Structures are given as structure tokens and as C-alpha cells.
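Colleague: Make a model of this:
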Amino acid sequence: MVEIRFAQNTSDLNNILLLQEKNSKHSISPRERESEGFVTVRHSLAQLKKMQAVSPQIIALQKNDLIGFALVMPLELKTVIPALVPLFVILDSLVYKDKPLKELDYYVMGQICVDKNHRGKGVFRKLYAAHRKHLSTKYNYCITEISSSNLRSLNAHLAVGFEVLHSFVDPTDEWTIVLWDWTR
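Modeller: Below you'll find the predicted structure:
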């Protein structure tokens with residue numbers, strides 16, 4: 001049985017960091033990156049605590065073991081993760097349904113990760129369902145960026161309901177920005 005809940009303490013945040021490191025682009029082989037996907041950004045405990053103070057982070061547990069997380073990155077925290085600052089600059093220039101994004105109520109899903117042994121079992125969808133349940137009263141849209149080489153993640157996001165909004169290249173990678181419209 002998988003439990004989806006908010007992170008509650010420093011132990012939960014440390015477990016997010018452990019799962020994040022285990023699935024970091026720099027911790028796995030190129031073959032595994034291609035077949036299993038990966039996460040790019042590595043957070044610090046201090047950064048996660050700042051994020052947690054503004055909006056609780058959503059985690060998945062099985063038998064008290066953290067098996068997944070989906071981080072909430074409200075716009076007021078856009079400078080907390082320096083690697084994401086260029087994303088927020090680009091978002092300010094984009095339009096969705098003839099409206100500038102900066103005029104819409106959205107947040108950035110900061111990162112999602114499911115432990116390798118629990119993939120393909122609905123945990124990803126449950127984490128996003130919790131995002132929608134808990135955040136759709138405040139936001140109409142959820143936006144995230146995905147490395148264009150991370151096809152597993154991109155396809156999983158599209159299957160949940162995200163749509164491609166924009167693609168761009170920066171010095172680190174090629175990125176696809178996706179948006180989930182909760183007004184539909």
C-alpha cells in the first residue's frame with residue numbers, strides 16, 4: 001500500500017535528498033538515464049526547508065520508506081535554486097491561450113522522482129493527483145521543465161495530462177517546458 005502525504009519533518013526532507021541523489025543524472029550510467037530517466041537538479045537541505053516553509057512537499061511512502069516525491073516550487077521561491085532562474089525568465093516571456101503566463105495563477109513543479117523499484121505501479125500518477133488535489137484551489141496550472149533527452153519522464157508527463165508549451169536550449173541541456181491545465 002502506497003501512502004501519499006506531505007513531508008512533515010527534516011527526516012522526510014533528508015529522504016528526498018537520498019532518493020534524489022540515487023537518481024541524479026550524475027549518479028547513474030548513460031544507459032540507465034536513457035531507460036529509467038533521471039533528475040537533474042540537486043537540492044540542499046536548506047533549499048528544501050525554504051520550499052517546505054512556503055508549500056509542503058508531497059511524498060510517497062511504502063512501509064514508511066520514501067519511494068517518491070514531487071516538489072512544489074512556488075514563484076516566490078524562483079531564486080532559491082540558481083539553476084532554475086533561467087527557467088523563470090523564460091516563463092515570464094511565454095504565452096498560453098493568448099495570455100502571458102506571468103498573468104496566470106501557476107506554480108512550478110520542482111521535480112518528481114519515483115524509486116526505480118516502484119516505477120510503473122501508479123506512484124507517479126498518485127503524486128500528481130495529490131498535487132492537483134492540494135494545489136488546484138490556489139493555482140490553475142502546473143508547469144515543469146524536463147530534459148528533452150529524458151523521454152521516460154516526458155512521456156509520463158504527457159500521459160498525466162501535461163502538454164508541451166515550449167522548448168529551449170541552454171548551456172546545460174535541451175529542455176521541454178510542459179503545462180498541465182487544471183481549468184479543463
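
Colleague: Can you identify each of the strands in the protein by residue range?
Modeller: 2-6, 58-62, 65-73, 95-96, 99-100, 106-114, 141-147, 163-169, 174-181 (DSSP state E).

Colleague: any chance of these in TSV, with mean neighbour count, distance to Ser153 and mean pLDDT too?
Modeller: Glycine gets a C-beta too; all of them are placed from N, C-alpha and C. Listed next are those as TSV, based on neighbours: other C-beta atoms under 10 Å; distance: least, C-beta to C-beta, whole Å; pLDDT from 0 to 100:
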stretch	mean neighbour count	distance to Ser153	mean pLDDT
strand 2-6	14	19	97
strand 58-62	21	16	98
strand 65-73	23	12	97
strand 95-96	15	21	97
strand 99-100	11	27	97
strand 106-114	23	8	95
strand 141-147	23	5	97
strand 163-169	14	13	96
strand 174-181	20	9	97
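
Colleague: and those as a markdown table, adding distance to Pro30?
Modeller: Shown next, in a markdown table, are those (distance: least, C-beta to C-beta, whole Å):
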| stretch | distance to Pro30 |
| --- | --- |
| strand 2-6 | 30 |
| strand 58-62 | 27 |
| strand 65-73 | 23 |
| strand 95-96 | 34 |
| strand 99-100 | 38 |
| strand 106-114 | 18 |
| strand 141-147 | 13 |
| strand 163-169 | 20 |
| strand 174-181 | 16 |
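
Colleague: quick one, which of those is nearest to Tyr128?
Modeller: Tyr128 sits nearest to strand 65-73 of all the strands of the chain, at 6.6 Å, using C-beta to C-beta.

Colleague: and that closest one, which strands flank it?
Modeller: Counting by DSSP bridges, the strands paired with strand 65-73 are strand 58-62 (antiparallel), strand 106-114 (antiparallel).

Colleague: Quick test: name the residue nearest the centre of the protein.
Modeller: Gln111 (2.4 Å; C-alpha atoms, centre = their mean).

Colleague: Please name the residues that touch it.
Modeller: For Gln111, the contact set (C-beta atoms under 8 Å, 6 or more residues apart in numbering) comprises Gln20, Val39, Val41, His43, Phe69, Ala70, Leu71, Thr144.

Colleague: repeat that for 10 Å
Modeller: With contacts defined as C-beta atoms under 10 Å, 6 or more residues apart in numbering, the neighbours of Gln111 are 16, 20, 23, 39-43, 57, 69-73, 81, 84, 144-145.
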